[in-house]
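Trainee: My questions concern the predicted model and sequence given below.
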Amino acid sequence: MKILLINSFDSRGGAAKAARRLHEALNELYCENLMLVQHKETNDPKIITETNKVKIFLNSVLSKLESLLVKALFKDVNNYSFGLFSSIGIVKKINSIEPDVVHLHWTLNSMLSIKDISRINAPVVWTMHDNWALSGGCHNLALCNNHSAISHKCNKFFNITFLRKKRAFSKKDNISFLSLSSWLFKLASESELLKKKHHYNLPNPINTKIFSPMDQNFARKNFNLPFNKKLIIYGALNALNDPNKGFHLLRDCLKHIDNKDYELVIFGNLLNLSDLNIGFKTHFLGMLEDDRSINLILNAGDVLVVPSIQENFSNIILEGLAASIPVVGFNVGGNKDLIDHMKNGYLVKPFDIKKLSEGIEWILRHHKPLYLKENARNKVLNEFDQNIVAEQYLDLYNEIVS
């Protein structure tokens, strides 16, 4: 069976990370799979992209044009997309490969338009990394002030996008939608746009050899972190510019923690650190680019805090559990699929910062920390290891083809 995975990027963003991990997991099973991307930054020969310089330039123009349209209409440009344009010749490229299954992931940034999805010959399965496929145009329902809770339409501009999706999906009978979490599965299967389509619920895979427990002192020494403190880990991309990452909630919750033995460790591309006013002893590590470095810093911590407003299936929570670190997060979205309350972490009522601080301290004061760490690791080994999950995806592809 020939499988073609499609994502706008191969290394930038959470969807790219998840799609590439699935691609690599399928490679381990010796599948005939390729990954098609708009922007390639890795050296994997089985990840392909456009090489014609004229087409690359024209594609960048289309991407900028759509961004300008969104920027002209909306204040929060990162939460909305139209899906107007496709990369030049992409449908022809997809069909020329003659895949048995096309597996879409995050295909915006003017990589694949809504309309062109119906022109793909092969059966399509679409992994929804956010809410965009079922909405009028917003990626995160929690951040959309114009979102309708019943139809998931947005404002008048995105009602047009909603209708374009409805028309395109009606023309593509052999398209299925895959939710990474039980939360999104229910939301999508009951949504106005997608309720008549086939729905599946499968998680992202993770390489449990890369993300694995290590000696804590060794990890701390690598980052010059103190050995005699309990460390709270927080990591996110664009944490200061993306309200969904919940950095403001973490900062406020730390005001309720008064313990000189606790310190905060932050990694990610944070800017203007002097303006954060955290009021808590904090270590800033900057951007960590590769999985092994992320695994190392996770092993340095005693608790991982993920205070997101909305999560579908969090990569950082999955990575933390695989590295055997308990996780505290709000009981939103797909977090309950990963965090077993008071077994491998702590689920907090949204968005109670006092309870968030209590959850952090519950982990740090636990009389059997090894119990939490073992539960965290075993959860991932039993449910999310790449070999287990890749087999589930192969079964899915066979079902879709048949």
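Mentor: Received the coordinates, thanks.

Trainee: Which stretches in the stretch 51-200 of the chain count as strands?
Mentor: Using DSSP state E, counting those that start in this stretch, the strands found in the stretch 51-200 of the chain span residues 101-104, 124-128, 175-179, 198-201.

Trainee: Among those, which comes closest to P350?
Mentor: strand 175-179 (20.0 Å; Cβ to Cβ). Heads up, the C-betas are built off the backbone N, CA and C, glycines and all.

Trainee: Partner strands of the closest one and their direction?
Mentor: Applying DSSP bridges, strand 175-179 is found paired with strand 124-128 (parallel), strand 198-201 (parallel).

Trainee: deepest of those, which one?
Mentor: strand 124-128 (a mean of 24; mean count of other Cβ atoms under 10 Å).

Trainee: Using PDB, list the CA coordinates for that one.
Mentor: Extracted in PDB, the C-alpha atoms of strand 124-128 (Å, rounded to 0.1, in the frame of the first residue of the first chain):
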ATOM      1  CA  VAL A 124      -8.500  11.000   1.800                       C
ATOM      2  CA  VAL A 125      -8.200  10.800   5.600                       C
ATOM      3  CA  TRP A 126      -7.800  14.200   7.200                       C
ATOM      4  CA  THR A 127      -6.200  14.400  10.700                       C
ATOM      5  CA  MET A 128      -7.700  17.500  12.400                       C
END
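
Trainee: and it, average pLDDT?
Mentor: Mean pLDDT, computed over strand 124-128, is 98.

Trainee: Over to stretch 26-33?
Mentor: On average, stretch 26-33 scores 90.

Trainee: same question, stretch 47-59
Mentor: Averaged across stretch 47-59, the pLDDT comes to 94.

Trainee: Please apply the same query to stretch 133-151.
Mentor: 85.

Trainee: So what touches that stretch?
Mentor: Applying Cβ atoms under 8 Å, 6 or more residues apart in numbering, the contact partners of stretch 133-151 are 76, 78-83, 126, 128, 130-132, 152-155, 157-159, 161-162, 165, 177, 187-188, 191-194, 243-244, 309-310, 332.

Trainee: May I see the buried residues of that stretch?
Mentor: 133-144, 146-148 (16 or more other Cβ atoms under 10 Å).

Trainee: Could you export it as CSV, CA atoms only?
Mentor: Output in CSV follows, covering the C-alpha atoms of stretch 133-151 (Å, rounded to 0.1, in the frame of the first residue of the first chain):
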residue,chain,number,x,y,z
ALA,A,133,-12.0,21.6,9.3
LEU,A,134,-15.3,21.8,11.2
SER,A,135,-15.5,25.6,11.7
GLY,A,136,-16.3,28.6,9.6
GLY,A,137,-12.6,29.5,9.6
CYS,A,138,-11.2,29.6,13.1
HIS,A,139,-8.5,27.2,14.3
ASN,A,140,-9.3,27.5,18.0
LEU,A,141,-13.0,27.7,19.0
ALA,A,142,-12.1,28.9,22.5
LEU,A,143,-10.4,32.0,21.0
CYS,A,144,-13.1,32.9,18.5
ASN,A,145,-15.6,35.5,19.7
ASN,A,146,-17.8,35.0,16.7
HIS,A,147,-18.1,31.3,16.8
SER,A,148,-21.5,29.6,16.9
ALA,A,149,-21.6,26.7,19.4
ILE,A,150,-24.2,24.8,17.4
SER,A,151,-23.1,25.2,13.7
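
Trainee: Show me the two of the buried residues of stretch 133-151 that sit farthest apart.
Mentor: A133 and N146 (17.6 Å).

Trainee: for the strand or helix carrying K379, packing partners?
Mentor: Remark: K379 resides in helix 369-383, with elements defined by DSSP states H and E. If you count contacts as 3 or more Cβ pairs under 8 Å, 6 or more residues apart in numbering; DSSP states H and E, helix 369-383 packs onto helix 315-322.

Trainee: pLDDT (mean, whole number) over the helix it packs on?
Mentor: Here the average pLDDT along helix 315-322 is 97.

Trainee: Enumerate every residue touching N238.
Mentor: 245, 268-269.

Trainee: Helix 315-322 and the helix holding K379, what's the angle between them?
Mentor: 110 degrees (axes from the mean of the first three to the mean of the last three Cα atoms, to 10 degrees).

Trainee: Which positions within helix 369-383 qualify as buried?
Mentor: Going by neighbour count (16+ other Cβ under 10 Å), the buried part of helix 369-383 is 372-373, 375-377, 379-380.

Trainee: Now the element after that helix, going C-ward?
Mentor: Next element after helix 369-383 (DSSP H and E): helix 386-401.

Trainee: Would you map the helices across the stretch 151-300 of the chain?
Mentor: Assigned by DSSP state H, counting those that start in this stretch, the helices in the stretch 151-300 of the chain fall at 156-171, 182-189, 216-222, 247-254, 291-300.
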